[in-house]
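> This is the structure alone, sequence omitted:
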């Protein structure tokens, strides 16, 4: 019988992919109950605008990833392209959206 060995090391891509997968699934499941309660049989139409916004956001991050690996992400890209004030707002928007996601995940955990 051969011994099974598990890898204990995850690369940055694997960690990001797993974290993003968990966040997308959890937020979708948390919000789905509220959306269906509010919209009833029109729920698929209610998710359509969110899907379009998600696709636009995804395209922005694809462009960011293709520009090369640098620390700072969207903040650095906007700071270099547009200047200080918009870069500052981008940094705060990312920070507040992260906090909002944490709140949504906590809401979903408490609701279950």
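Sure, I can see it. A quick note: this is a predicted structure, and the numbers were derived from the prediction, not measured.

> Show me the residue sitting in the middle of this structure in space.
residue 20 (5.8 Å; CA atoms, centre = their mean).

> can you map out the helices along this protein?
12-39, 43-66, 73-82, 84-111 (DSSP state H).

> Turn those helices into a markdown table, including distance to residue 3 and mean pLDDT.
C-beta here means a position set from N, CA and C on the backbone, and glycine is covered the same way. Output for those, formatted as a markdown table (distance: least, CB to CB, whole Å; pLDDT from 0 to 100):
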| stretch | distance to residue 3 | mean pLDDT |
| --- | --- | --- |
| helix 12-39 | 23 | 76 |
| helix 43-66 | 38 | 77 |
| helix 73-82 | 41 | 75 |
| helix 84-111 | 37 | 79 |
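
> Out of the ones you listed, which is the most enclosed?
helix 73-82 (a mean of 15; mean count of other CB atoms under 10 Å).

> what angle do it and helix 84-111 make?
Angle, helix 73-82 to helix 84-111, by axes from the mean of the first three to the mean of the last three CA atoms, to 10 degrees: 160 degrees.
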